[in-house]
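J.: can't give you the sequence, but here's the structure:
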């Protein structure tokens, strides 16, 4: 509906009820105490390695897939960072690192974000993770699939009709069990919205995961290599760690290890070769 008066032309539309579950879910993170950090990592050598592999094999590798591999490895070495509370007196640590990302798909001519959980990221190769992401991007899905299943669409209609206090009660009960949380959304989330922009910055996600990454853009700027100034490529990244389950020392060691993996081209040194005829 459009109106014109002394404040100018404007439009009023209905708030999409489909957004209500998302807002309710994100509000659960308000109960956690996150420590946030802004970092830059030198990805020059890794990006060169990926370009070299693509040139020699005609096989494209997702930069995001390689980043997930590094995160998965570091998290498997420091399990505290993606652990969760089990009740009020226990903490559960997981061996498998399941990372949640979002892939964008065209559904009915509309670009729609689809959640995807990469299971056992720490045990997969960069190429396996990359192929899994590509498959999810190319696989045809329906609106019902986006919602999870056909029945869930009706459940959402019922859910959004409930008062807010009751919706929050249901969600908190549902996500009280860390096993179910891991099954539904993994223990880590990586959002890469900043990589689609040419502007440098550190996106800070809102989350319920114990460990979250906001991946920003990559920019070129001077860096020191072997005591010489070179133009390098740096990736901006924000990291959110749940201070309820992990202290500063292991969190710092985790970030240090992640930096080592990223800047040493972890997972890219022994890539499988693909030759197409």
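T.: Received the coordinates, thanks. Keep in mind it's a predicted model, so treat the numbers as computed, not measured.

J.: Helix, strand, or coil at residue 190?
T.: When the structure is split into helix, strand and coil by DSSP: H, G, I helix; E, B strand; the rest coil, residue 190 lands in strand.

J.: Equivalent analysis for residue 136, please.
T.: Here residue 136 is recorded as helix under three-state DSSP.

J.: got a list of what it touches?
T.: Residue 136 sits next to 103, 114, 116 when contact means C-beta atoms under 8 Å, 6 or more residues apart in numbering. In short, each C-beta sits where N, CA and C put it, glycine included.

J.: which parts of stretch 226-239 are buried?
T.: 232-239 (16 or more other C-beta atoms under 10 Å).

J.: no wait, stretch 82-102
T.: Counting neighbours by 16+ other C-beta under 10 Å, the buried set in stretch 82-102 is 82-85, 92, 94, 96-101.

J.: quick one: the helices in the stretch 1-150 of the chain?
T.: Taking DSSP state H, counting those that start in this stretch as the criterion, the stretch 1-150 of the chain carries its helices at 20-27, 44-57, 63-77, 126-138, 143-147, 150-160.

J.: What strands flank the helix or strand where residue 232 lies, and is each parallel or antiparallel?
T.: In the assignment (DSSP states H and E), residue 232 maps to strand 228-242. Applying DSSP bridges to the sheet, strand 228-242 is found paired with strand 34-42 (antiparallel), strand 211-225 (antiparallel).

J.: Contacts for stretch 258-270, please.
T.: Contact with stretch 258-270 is made by 39, 41-43, 45-46, 49-50, 53, 66-67, 69-71, 73-74, 125-126, 235, as judged by C-beta under 8 Å, 6+ apart.

J.: Give me the residue at the spatial middle of the protein.
T.: Using C-alpha atoms, centre = their mean, the residue of the chain that lies closest to the mean C-alpha position is residue 190, 1.5 Å off.

J.: my guess is that one meets residue 100, correct?
T.: Yes. With contacts defined as C-beta atoms under 8 Å, residue 190 counts as touching residue 100 at a distance of 7.3 Å.

J.: ok now do residue 168, which residues does it touch?
T.: In this structure, residue 168 makes contact with 24, 27, judged by C-beta under 8 Å, 6+ apart.

J.: is it true that it lies in a helix?
T.: Yes. Secondary structure assignment (three-state DSSP) places residue 168 inside a helix.

J.: still on that earlier bit, and the strands paired with strand 228-242: which comes nearest residue 7?
T.: Taking C-beta to C-beta, strand 211-225 is the member of the strands paired with strand 228-242 nearest to residue 7, at 35.7 Å.

J.: Compute the inter-axis angle for that closest one and helix 44-57.
T.: Angle, strand 211-225 to helix 44-57, by axes from the mean of the first three to the mean of the last three C-alpha atoms, to 10 degrees: 90 degrees.

J.: Any buried residues in strand 211-225, and which?
T.: 211-218.

J.: what's the angle between that strand and helix 63-77?
T.: Using the same axes, to 10 degrees, strand 211-225 lies at 110 degrees relative to helix 63-77.

J.: who's in contact with residue 20?
T.: When contacts are counted by C-beta under 8 Å, 6+ apart, residue 20 is found next to 159-160, 167.

J.: Can you turn the buried part of the residues you listed into a PyMOL selection?
T.: Here is the PyMOL command that selects the buried residues among these (16+ other C-beta under 10 Å):
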select buried, resi 159+167
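
J.: Which secondary structure element of the chain has the lowest mean pLDDT?
T.: Considering only helices and strands, the least confidently modelled element of the chain by mean pLDDT, DSSP states H and E is helix 143-147, at a mean of 42.
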